[in-house]
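> need the 3D shape of this:
(one chain, ligands or ions: 1)
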Amino acid sequence: MTMVPELVDRPVSFAYNYRMRCSCGGVEDLSAADYEAEINEAHIPCSRCWGSIHFGRAVAALRNLKDPALENEQLGRLAWYHTSTSPDWPSLTYEVQERQRLRDFGLVTDEQIAMLSGLALHVGTYEAAIENVLRRMKYQDDRDSRFFLYRVALDLDSTRVETGYRDENEQRAARLSNTELRAEGLQAVRYLNVYESPGSLSLAVTADAIAAVHMVDLDGHGLVPDHDAELTERLDSFQRDLDAARLRPLPSPREPISAMEQLQRRAAARRGQAVDPGRPTGPEFYRLWESIDSILAERYLVGVNAIVTREFRDAVRPRRRDDDGAVRAYADFYATRAFALTHPSALIAGLASRPAAALWSRPAEIDS
Ligand SMILES: [Zn+2]
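As a prediction, this is how the structure comes out:
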């Protein structure tokens, strides 16, 4: 069995707030609630230059100035996280799938894919790893994918870590290759993550920097308790309302369908889903589902900040279906995915107690 050093976990919370940078160099705090509400048309005053900061990802600043990850010597002592749809990250399979995924979504040309060969591996905070799942569900058509959470131990030479951190807004960090890192004699580059848990530090590392990983299936960890009786009753009542709405006569085929419905049908066709012309997608269903979502958020996203709550709700929304038993299935999925945001200690404790995966050894030609 692979020996894993005792790793230190930084406190995990999705109740965090943000910090935003002014062009004058000043940095101001911004609460998640104000960020979500885009107060004052997304502007806050800067107390340094008395101008105003147009807040958003593009000016997200480091949240924790005392983050131990700023010290090279600490990097190997800290627990790092990664999420993937691959059950054997970081493996050859993973790399092949990753390239296929980029190609499928037209994100890169074949030429660029060749250049991306041997992409550096990325690890970040627990929060960043979990928020990565939400982003992929929302933007990369992974709404139905299984996700695996990895807790990563690094074995780093602290003299081969780039000084300071790159700002993902201004410098290339997310698509660094192993070759580029090696060319600079580096094993790791720190960067300010502005997409997942904005303002946290992530690392791009060469494969040889990963000492061991523990993995847990985010949909199969079995830690989520059943819904309580009151919630179950409300969910069943919603199901009855949905069923009743579905059984009402549909508009006659000659009746023009709404622009929203046309969009939904086109989106379904793009995803390769069968488009049922009788499938109800009207405002009544939308209203019912929004109510279900609000009740689930109230129950299962306690202590999660407003921005992450919105990301979560956007990520799970496409999982709504209108058939029999759909509400319970949706609520089960919701509770299971939300557990990772509200009970990080339970998941981490479970992860840390598992035997470490014997690490796949990368064939030399992949890295070169
Ligand atoms: Zn300023």
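
> the nearest residue to Phe312 once chain neighbours are set aside: what's it in contact with?
Leaving aside its sequence neighbours, Phe312 sits nearest to Leu134 (C-beta to C-beta, 6 or more residues apart in numbering; 5.7 Å). For every residue, glycine as well, the C-beta is placed using N, CA and C. Leu134 makes contacts with Val308, Glu311, Phe312, Asp314, Ala315, as judged by C-beta atoms under 8 Å, 6 or more residues apart in numbering.

> filter those residues down to the ones in helices?
Val308, Glu311, Phe312, Asp314, Ala315 (DSSP state H).

> give me the distance between the nearest residue to the second one once chain neighbours are set aside and the ion.
With C-beta to C-beta, 6+ apart as the measure, Leu134 is the residue that lies nearest to Glu311, at 4.5 Å, once sequence neighbours are left out. The spacing between Leu134 and the ion, counted by C-beta to the ion, to the nearest Å, is 31 Å.

> chain center to the helix or strand where Leu134 lies, what's the gap?
Element membership of Leu134 [criterion: DSSP states H and E] is helix 126-139. Centroid displacement of helix 126-139 relative to its chain, using C-alpha atoms, centre = their mean, to the nearest Å, is 0 Å.

> contacts only, for the residue nearest the centre of the chain.
Closest to where the C-alpha atoms of the chain average out (C-alpha atoms, centre = their mean) is Asn132, at 1.9 Å. Counting by C-beta under 8 Å, 6+ apart, Asn132 makes contact with Thr83, Gly124, Glu196.

> and the residue of the stretch 201-350 of the chain found nearest the ion, how many neighbours?
Closest contact between the stretch 201-350 of the chain and the ion, by C-beta to the ion, is at Ile307 (22.7 Å). By other C-beta atoms under 10 Å, the residues close to Ile307 number 20.

> wait, isn't it in contact with Tyr35?
Yes. In this structure Ile307 lies within contact range of Tyr35 using C-beta atoms under 8 Å: 5.6 Å.

> just the buried residues of the contacts of Leu134.
For these, a neighbour count by 16 or more other C-beta atoms under 10 Å gives the buried set as Val308, Glu311, Phe312, Ala315.

> which residues touch the third one?
If you count contacts by C-beta under 8 Å, 6+ apart, Phe312 has them with Leu134, Ala297, Leu301, Val304, Arg337, Ala338, Leu341.

> would you say the last one is within a strand?
No. Checked against DSSP: H, G, I helix; E, B strand; the rest coil, Leu341 lies outside a strand; its state is helix.

> mean confidence score for the strand or helix carrying Ala349?
With secondary structure defined by DSSP H and E, Ala349 is part of helix 344-352. Regarding helix 344-352, the rounded mean pLDDT is 89.

> likewise stretch 260-269?
71.

> one more: stretch 51-63?
97.

> how far does it stretch from start to finish?
Using C-alpha to C-alpha, to the nearest Å, one end of stretch 51-63 lies 21 Å from the other.

> what residues does it touch?
By C-beta under 8 Å, 6+ apart, stretch 51-63 touches 16-24, 26-28, 30, 35, 42-46, 165, 169, 192, 194-195, 198-201.

> chain center to it: distance?
21 Å.

> ok, which residues in this structure are in contact with the ion?
Contact residues (C-beta under 5 Å from the ion) of the chain with the ion: Cys22, Cys24, Gly26, Cys46, Arg48, Cys49, Gly51.

> make a markdown table out of those residues and add secondary structure.
Converted to a markdown table, the residues of the chain next to the ion look like this (three-state DSSP):
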| residue | secondary structure |
| --- | --- |
| Cys22 | coil |
| Cys24 | coil |
| Gly26 | coil |
| Cys46 | coil |
| Arg48 | coil |
| Cys49 | coil |
| Gly51 | coil |
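
> buried residues in stretch 159-170?
Those would be Arg160, Val161, Glu162, Tyr165, Arg166, Asp167, Glu168, for stretch 159-170 by 16+ other C-beta under 10 Å.

> next one: stretch 21-36
Arg21, Cys22, Gly26, Val27, Glu28, Leu30, Ser31, Ala32, Asp34, Tyr35.

> for stretch 230-246, same thing?
Leu231, Arg234, Leu235, Phe238, Gln239, Asp241, Leu242, Arg246.
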